[in-house]
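[1] below is the sequence, then the predicted model.
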Amino acid sequence: MRHTFAALLLALVSALFGHAQEAVPIFKSQAVNALVWGEDKFLGVVSSSIRDPITNNEIRKLNHGDIEVSSKAGFERAKSGEAGELLSFTTTIVNNTESALSVRQGGASVDGRLITPIPLVPTRKGLGKKERENVWEFPGLDCFSSGFLPNGTLLPQNDSSKALTVNPKAALTVSFVMKDPRYSPIQCSAEGCYPKGTIRFFVRVNTTDFVFAYPGSAMVYCGR
């Protein structure tokens, strides 16, 4: 009986140890590929937030080693007879390393539904009829005209293989806008009207996704 119990115990320990060994590479892979604001589980990752001294809007920051990524999230009503809301994001990547960094198009999820940035252009003039129907003029969007989003740099649209470069000891600010896919995305209360639920978005720096999650009530209304 004693031998049987010892054999069973050895088998259980071996199974648990083997399972732990199999789980570790997956865990490490996730840690390397995605850093999530507010989930400081990994060594060298720091989440923080500050208030813009001019607007008092929240700016969230993720620091990993010598890379800092900060973000702001806003929303506005869609224009040109379009129903729904537009979700706007801007991120600043500060590169304190000795090597150049690549920055690629991010994405977002709303209620578990993945969405991609909408194509933005300075003007529709000179475009064909079909092309005009599929792009948005960003100077006409309130989040840009109000200064919430900078007009300068947009991430390459609909092509995650294209990248921008952040030189060593330099910074880059990029923006992108997405259409909320929900039929009724806004909920109003005594505090105001904000997107429902939580919106998550990311920007890819080299091979790592810097992920920010915003409850709708923490997003800034940058419309008019």
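    Nice, thanks for sending it over. Numbering: from 1, shown residues only.
[2] I'd say Met219 and Ser71 touch.
    No. Applying C-beta atoms under 8 Å as the test, Met219 and Ser71 come out as separate, 11.0 Å apart. All C-beta atoms are positioned from the backbone trio N, CA, C, and that covers glycine.
[3] sticking with Arg124, tell me its helix or strand.
    For Arg124, there is no host helix or strand (DSSP states H and E).
[4] now the helix or strand encompassing Leu86 - C-alpha only, CSV.
    Taking DSSP H and E as the criterion, Leu86 maps to strand 85-95. Taking C-alpha atoms only, strand 85-95 is exported to CSV below (Å, rounded to 0.1, in the frame of the first residue of the first chain):
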residue,chain,number,x,y,z
GLU,A,85,-19.4,57.6,-33.2
LEU,A,86,-15.7,57.9,-34.1
LEU,A,87,-13.1,56.8,-31.6
SER,A,88,-9.8,58.7,-31.7
PHE,A,89,-6.4,57.8,-30.3
THR,A,90,-3.1,59.5,-30.2
THR,A,91,0.2,57.9,-28.9
THR,A,92,3.6,59.4,-28.4
ILE,A,93,6.6,56.9,-28.5
VAL,A,94,9.7,58.1,-26.8
ASN,A,95,12.8,56.2,-27.8
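[5] so for that strand, what gets flagged as buried?
    By 16 or more other C-beta atoms under 10 Å, the buried positions in strand 85-95 come out as 85-95.
[6] partners of that strand, with directions?
    Strand 85-95 pairs in its sheet with strand 67-77 (antiparallel), strand 170-179 (antiparallel), by DSSP bridges.
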